[in-house]
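A.B. asks: Following is a predicted model, sequence given first.
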Amino acid sequence: MNVIVSNKYQLMLENLGIDVIKSLNGEFEVDEIISTFQNFFYQRMILDITAIKDYKDIRNLQKLSISLPMDKVILLLDDTEESTSPSYLSKLISMGIYNFTRNVDGIQYLYNHPNSYRDVAQFHQLEEPPMMPQQPQNGMMGVVAPMPQQQVMVQTVGGFGRIIGIKNVTKNSGATTLVYMMYNELSKYYNVTAIEVDKTDFTYLKSSGLVSTVSGNVSAEVGKYRDSDAIIIDVNNSVQAEGLCNEIIYLIEPSVIKLNRLTMVTPQALKNLKDKKVLLNKSLLSSKDVMDFEYEARVKVFFNLPPLDEREKQNRPLVEFLNKLGFDRVR
């Protein structure tokens, strides 16, 4: 079932021909929308941008993107210069908002074929770092063209030179807890930093190696810890964070409810994981079950990780997972 939040385009949205479990009409503070739908299960949200008070202030869309699953939101834009400008669209993409349109046909298409970053990358305006001066040559001051930010980060991180992203595929698959446990185990043997993006769960754990930040600052935070042997990032829905990673591990909790919910909301979700590094987390599947899962989902499982007790001094399955990632000092 779906929800509709409308204002200026109420009449347009009334004739979509989709099942609607809840609809709101009017202009709302972004906090009102978040509190109404944060714990509300729905397949898609059709959101009229004019229903968001002060929507031209991109910070209100940022608050929305942090609190709601934006892969389930289809944003109906108005025709104002501000909300259709290339810079505004680029900022939406930076916050993980890929499904936006200005007409009914676009809504119908995105409802059945949600965008990935690849579909909107041409609208994303990437900021490049400033050009760095060279030593004067023949009395002239030369400049060198900047390397893309991701490449800079990969080269400046010491030790393994690795930035590993952890991303939930099924909802609440345990990315934040896994990052924390990986950090705890790896920090016994390596200089490691863990970063969570657009969340603040790490603030409750009180460790100097755990960092909470937002998408706009994640590049700077990674730069601060460039001497780490490895940086583990809980990327959430941050495009910027994903772009900084050398590799991303995609978490699936393989319960029937979680998988059915995933395929109902995003039918292509498992197909999109082909050739990706997939971790079955909090998994009680046997080796045979994993083989059956791989056959049915058409994906290769990198590791099958059972439920872990974060209070244990050492979790053998976690050690085996880290060894498979290449952290051979962990024992």
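C.D. replies: Noted; the coordinates are in hand. Numbers count the residues shown, from 1 in each chain.

A.B. asks: C-alpha from now on. contacts and neighbour counts both.
C.D. replies: Fine.

A.B. asks: Can you tell me the SS state at Pro114?
C.D. replies: coil (DSSP: H, G, I helix; E, B strand; the rest coil).

A.B. asks: my guess is it contacts Asn99, does it?
C.D. replies: Yes: assessed by C-alpha atoms under 8 Å, Pro114 is found in contact with Asn99 at 6.4 Å.

A.B. asks: Tell me which of these two has more neighbours.
C.D. replies: Set side by side, Pro114 and Asn99 show more neighbours around Asn99, with 27 against 21, by other C-alpha atoms under 10 Å.

A.B. asks: Can you tell me who the closest residue to the more buried one other than its chain neighbours pairs with across the strands?
C.D. replies: Among residues not flanking Asn99 along the chain, Ile74 sits closest, at 5.0 Å (C-alpha to C-alpha, 6 or more residues apart in numbering). Judged by DSSP bridges, the bridge partners of Ile74 are Ile46.

A.B. asks: Would you enumerate the residues in contact with Ile74?
C.D. replies: Neighbour list for Ile74: Arg44, Met45, Ile46, Leu47, Asn99, Phe100, Thr101, Ile107, Leu110, Tyr111 [criterion: C-alpha atoms under 8 Å, 6 or more residues apart in numbering].

A.B. asks: Next one: the fifth one from Ile107, what distance?
C.D. replies: It refers to Asn99. Using C-alpha to C-alpha, to the nearest Å, we find Asn99 at a distance of 9 Å from Ile107.

A.B. asks: ok, now the fourth one?
C.D. replies: Here Leu47 is placed at a distance of 10 Å from Ile107 (C-alpha to C-alpha).

A.B. asks: what do those two both touch?
C.D. replies: Common contacts of Leu47 and Ile107 (C-alpha under 8 Å, 6+ apart): Ile74, Leu76.

A.B. asks: Next, name the residue at the spatial heart of the chain.
C.D. replies: Asn237 (2.1 Å; C-alpha atoms, centre = their mean).

A.B. asks: wait, doesn't that residue sit right on Gly96?
C.D. replies: Yes: between Asn237 and Gly96 a contact is recorded at 5.7 Å, counting by C-alpha under 8 Å.

A.B. asks: strand partners of the strand or helix carrying Val5, parallel vs antiparallel please.
C.D. replies: For Val5, the host element (DSSP states H and E) is strand 2-6. When pairing is defined by DSSP bridges, strand 2-6 lines up against strand 20-25 (parallel), strand 44-48 (parallel).

A.B. asks: For the helix or strand just after that strand, which residues meet the burial criterion?
C.D. replies: As assigned by DSSP H and E, the chain's next helix or strand after strand 2-6 is helix 10-14. By neighbour count on 16 or more other C-alpha atoms under 10 Å, the buried set for helix 10-14 is Gln10, Leu13.

A.B. asks: pLDDT averaged over helix 10-14 - what is it?
C.D. replies: Per-residue pLDDT values across helix 10-14 average out to 89.

A.B. asks: how distant is it from the center of its chain?
C.D. replies: Relative to the mean C-alpha coordinate of its chain, helix 10-14 is positioned 31 Å out (C-alpha atoms, centre = their mean, to the nearest Å).

A.B. asks: and Ile33, how many residues sit next to it?
C.D. replies: 18.

A.B. asks: Now do the helices in the chain.
C.D. replies: Counting by DSSP state H, the chain has helices at residues 10-14, 30-37, 58-67, 81-84, 86-94, 104-112, 117-120, 149-156, 175-186, 218-224, 239-244, 256-265, 287-297, 316-325.
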